[in-house]
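>>> Sequence and computational prediction follow.
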Amino acid sequence: MTLALTFPEIAIKNGGTLHENLDTAQLVEMAIQRSEGQMSEHGALVVETGKHTGRSAQDKFIVRDVITKDDVWWGASNKPMTGESFAALRDDFFKHLATLDDAFVQDLFGGSQAEHRVGVRVVTELAWHSHFVRTMLVRPTPDELAHFKADYTIIDLPSFRADPERHGCRSETVIAIDFMQRLILIGGTGYAGEMKKAVFTILNFVLPQQNVMPMHCSANIGAEGDTAIFFGLSGTGKTTLSADASRTLIGDDEHGWSDTAVFNFEGGCYAKVIRLSADAEPEIYATTRRFGTILENVVLDPETRSLDLDDASLAENSRGAYPIHFIPNASADNMGPVPKNIIMLTADAFGVLPPIAKLTPEQAMYHFLSGYTAKVAGTELGVTEPEATFSTCFGAPFMPRHPSVYGNLLRKRIANGGVDCWLVNTGWTGGQYGTGSRMPIKVTRALLNAALSGKLKQTEFRKDPVFGFDVPVVVEGVDPRILDPRATWASASDYDQAARGLADRFRRNFTQFVAHVDESIRAAAPPGVFGA
Ligand SMILES: Nc1ncnc2c1ncn2[C@@H]1O[C@H](COP(=O)(O)OP(=O)(O)O)[C@@H](O)[C@H]1O
Ligand SMILES: C=C(OP(=O)(O)O)C(=O)O
């Protein structure tokens, strides 16, 4: 394999400056000087990303001809790019870089467990993107920096405009990964999240070969040293629910499960801040009022510099990025023991799934491969209201290998024993999106507390006739009616129809995995018999 790019190859305009490894204060100052953003009354850096307020999922490519075909899963999420197109793109990226007066470089790690991490050199056009990526990834110690070796290079140029004909892409936006050159090119988008998701994609490619399960999940640790992981697609509550004053936060979005630990890939969190409530999410709310936090697409009063977190006029997907230690009680080393509980979060826009259900190991594998949820408005370009989707592994856009690779790793780990699995609906209750309402965060937290404390599995369950999993009948501190979604709908027959419709969708979606799993997993499909 070719090594990652080295500095001399990164040339900017004659006499221009390559700012290497600037710290937070320097980057914030430069971002403000260059009018990339403004400071809020409490010191957060507030920036706008223009039309790019979410990931450009359709613009992500993997170079095809230099890796063996079987290494990559060419599902809808991974589009192939020829080596020729990538070469042209790479040339044009370097030409574009050479027109810039300056650029920023950060040397960072993806991965907190030293034996499983990758060194990433991130070259950005914008000071605030450099600040973002430094906030989000794992910052090397001075000694590690002195000996830093980049395994991968990311070049991130929002002002670059791709040419679909010449570069073999779809639009002026491009995110292209060449695993052999170990080079990632991100152009034509201001959405900073693309950089962190690119590192996630790298680790999702690399870690299965090291027998580590990479996961789109958050993670925290209870008082007894019991780790919980929360799988979920964007917007299902990984960040919200993992920040819990009674538990130690490992991370909010991307983790590895090795033989010895659950470890965060990152060193920061990326929270959704639209309509953020100080009451329901106090720890996250507090980060919006601190120097060092970056707020993307939050509306700022130009006179008072106060924030309006309720104003979605710039974006529904407004975000706060902050280093993990801004959350009180975060783990010092971004790691915890192997999990005792696995939570699968789903934002069910049909409003038919119960707020919590207990899964057998086979059902857990079935739901992991299915990845049913709703895409939440704004998280991907073009999504304006919740949209039902099956995103395998609860993170299809970031999984370069076949889902069965991740599924088999999960299965092995669950089979080692001592893990309880739960499905949690953070989506709609009392009817589908439009009629019902979003599950109250307080209810979800109460149910999670009961599950994680070990109390919930001791209570009485009923078997759900449509979905086949076990649903608790009574949980202390929770209105029992909300536990039974059918009882929350105005019309039970409408519920039955919607539930059977979702069960059908599950079965249709799963046909793609049938050949990859054994009969016990196939038998974990929703029976869908209610009222039949
Ligand atoms: N019951 C619930 N559980 C979790 N989040 C909820 C719930 N109801 C509403 N929300 C909102 O949904 C969003 C979840 O976003 P986030 O936690 O960032 O998801 P993720 O980290 O999975 O992308 C937040 O804006 C949160 O306030
Ligand atoms: C950053 C992202 O992930 P999440 O929404 O899960 O935080 C994203 O999907 O763009």
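Right, received. Where do you want to start? Ligands and ions are numbered 1, 2, ... in the order given.
>>> okay, CA-based contacts and neighbour counts for the rest of this
Will do.
>>> now the strands for the stretch 251-400 of the chain?
Secondary structure of the stretch 251-400 of the chain by DSSP state E, counting those that start in this stretch: the strands cover 255-257, 262-264, 268-272, 294-296, 299-300, 307-308, 319-323, 335-336, 339-346, 356-359, 372-375, 387-390.
>>> Adjacent strands (with direction) for the first one?
If you go by DSSP bridges, strand 255-257 pairs up with strand 213-215 (antiparallel), strand 262-264 (antiparallel).
>>> Find the least confident helix or strand in this protein, judged by mean pLDDT.
Counting by mean pLDDT, DSSP states H and E, the chain has its least confident helix or strand at strand 387-390, which shows a mean of 88.
>>> circling back: okay if I get the strands of the stretch 251-400 of the chain as CSV plus mean neighbour count and distance to R500?
Output for those, formatted as CSV (neighbours: other C-alpha atoms under 10 Å; distance: least, C-alpha to C-alpha, whole Å):
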stretch, mean neighbour count, distance to R500
strand 255-257, 28, 34
strand 262-264, 29, 37
strand 268-272, 25, 32
strand 294-296, 28, 40
strand 299-300, 21, 42
strand 307-308, 17, 41
strand 319-323, 25, 36
strand 335-336, 26, 39
strand 339-346, 25, 17
strand 356-359, 24, 17
strand 372-375, 26, 15
strand 387-390, 18, 15
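>>> Minimum distance to ligand 2: which of the ones you listed has it?
strand 268-272 (5.6 Å; C-alpha to the nearest ligand atom).
>>> Could I get the CA-only coordinates of that closest one as PDB?
Coordinates of each C-alpha in strand 268-272 appear next as PDB, following Å, rounded to 0.1, in the frame of the first residue of the first chain:
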ATOM      1  CA  GLY A 268     -15.500  15.200  20.700                       C
ATOM      2  CA  CYS A 269     -19.200  15.200  20.400                       C
ATOM      3  CA  TYR A 270     -21.500  16.600  17.600                       C
ATOM      4  CA  ALA A 271     -24.900  17.300  19.100                       C
ATOM      5  CA  LYS A 272     -28.100  18.400  17.300                       C
END
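>>> tell me the mean pLDDT for that strand?
The average pLDDT within strand 268-272 is 97.
>>> How about that strand and ligand 1, any contact?
Yes: using C-alpha under 6 Å from any ligand atom, we find that strand 268-272 touches ligand 1 at 271-272.
>>> tell me what that strand is packed against?
In terms of contacts (3 or more C-alpha pairs under 8 Å, 6 or more residues apart in numbering; DSSP states H and E), strand 268-272 is packed against helix 127-136, helix 238-242, strand 319-323.
>>> returning to that earlier point: quick one: the strands of the stretch 251-400 of the chain as CSV, columns for distance to A25 too.
Converted to CSV, those look like this (distance: least, C-alpha to C-alpha, whole Å):
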stretch, distance to A25
strand 255-257, 28
strand 262-264, 25
strand 268-272, 16
strand 294-296, 12
strand 299-300, 21
strand 307-308, 21
strand 319-323, 13
strand 335-336, 27
strand 339-346, 36
strand 356-359, 44
strand 372-375, 35
strand 387-390, 40
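>>> closest to Q113 out of the ones you listed?
Q113 lies closest to strand 262-264 among the strands of the stretch 251-400 of the chain, at 6.1 Å (C-alpha to C-alpha).
>>> residues in contact with the closest one?
111-113, 219, 250-251, 254-257, 334-339 (C-alpha atoms under 8 Å, 6 or more residues apart in numbering).
>>> about what we covered before: how about the strands paired with strand 255-257, which one is nearest ligand 1?
With C-alpha to the nearest ligand atom as the criterion, ligand 1 lies closest to strand 213-215 of the strands paired with strand 255-257, at 12.3 Å.
>>> buried residues in the closest one?
Of the residues in strand 213-215, 213-215 count as buried by neighbour count, 16 or more other C-alpha atoms under 10 Å.
>>> how about the residues of the chain near ligand 2?
54-55, 193, 233-235, 253, 270, 379.
>>> can you do 5 Å?
Residues of the chain found near ligand 2 (C-alpha under 5 Å from any ligand atom) are 193, 234.
>>> quick check: longest helix of the chain.
Assignment by DSSP state H gives helix 492-510 as the longest helix of the chain.
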